[in-house]
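Peer 1: Build the 3D model from these lines:
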Amino acid sequence: MEENISFCGINCFSCPAYIAKSTNNNDLRIKTAKKWSSIGFEITPEQVNCDGCKNTDGILLLHCNDCKVRNCAMPKDIMTCAQCPDYSCEKLENLWKEIQTTEGKTNLDKIKQSFN
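Peer 2: Predicted coordinates for the structure are as follows:
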């Protein structure tokens, strides 16, 4: 399960940017750009492309190179933030609030539970 879960807990395989890139779906790019722009993320359809935040040589969504959560997790060599001793940290909480989702926390809590 963890392979398709980003550091912050979002399932990359269900992310519209990942799906649009992997299926070359321009209609999905347009719809996603409109939706995300309506909640404060100015993004164009051409920018709705992502190979998943764990990739190191593919395309990342617009702000992912600067993502505090990603930049914290990458050097720690962890699959998700659930493996971090500081889970759940302020960086994660702020990101989830910013992107307006509970999916990440739900997924990471399940992963964390599986370690116990």
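Peer 1: so how far is stretch 78-98 from its chain's centroid?
Peer 2: Centre-to-centre, stretch 78-98 and its host chain are 11 Å apart (C-alpha atoms, centre = their mean, to the nearest Å).
Peer 1: What are the buried residues along that stretch?
Peer 2: The neighbour-count check on stretch 78-98 (16 or more other C-beta atoms under 10 Å) flags Ile78, Thr80, Cys81, Ala82, Gln83, Cys84, Tyr87, Ser88, Lys91, Leu92, Leu95, Trp96 as buried. Backbone N, C-alpha and C define where each C-beta goes, glycine included.
Peer 1: how far away is the fifth one from Thr23?
Peer 2: Spelled out, it's Gln83. 30 Å (C-beta to C-beta, to the nearest Å).
Peer 1: cool, and the fourth one?
Peer 2: For Ala82, the distance to Thr23 (C-beta to C-beta) stands at 28 Å.
Peer 1: Not counting its neighbours along the chain, what's nearest Ala17?
Peer 2: Cys50 (4.0 Å; C-beta to C-beta, 6 or more residues apart in numbering).
Peer 1: Cool, thanks, signing off.
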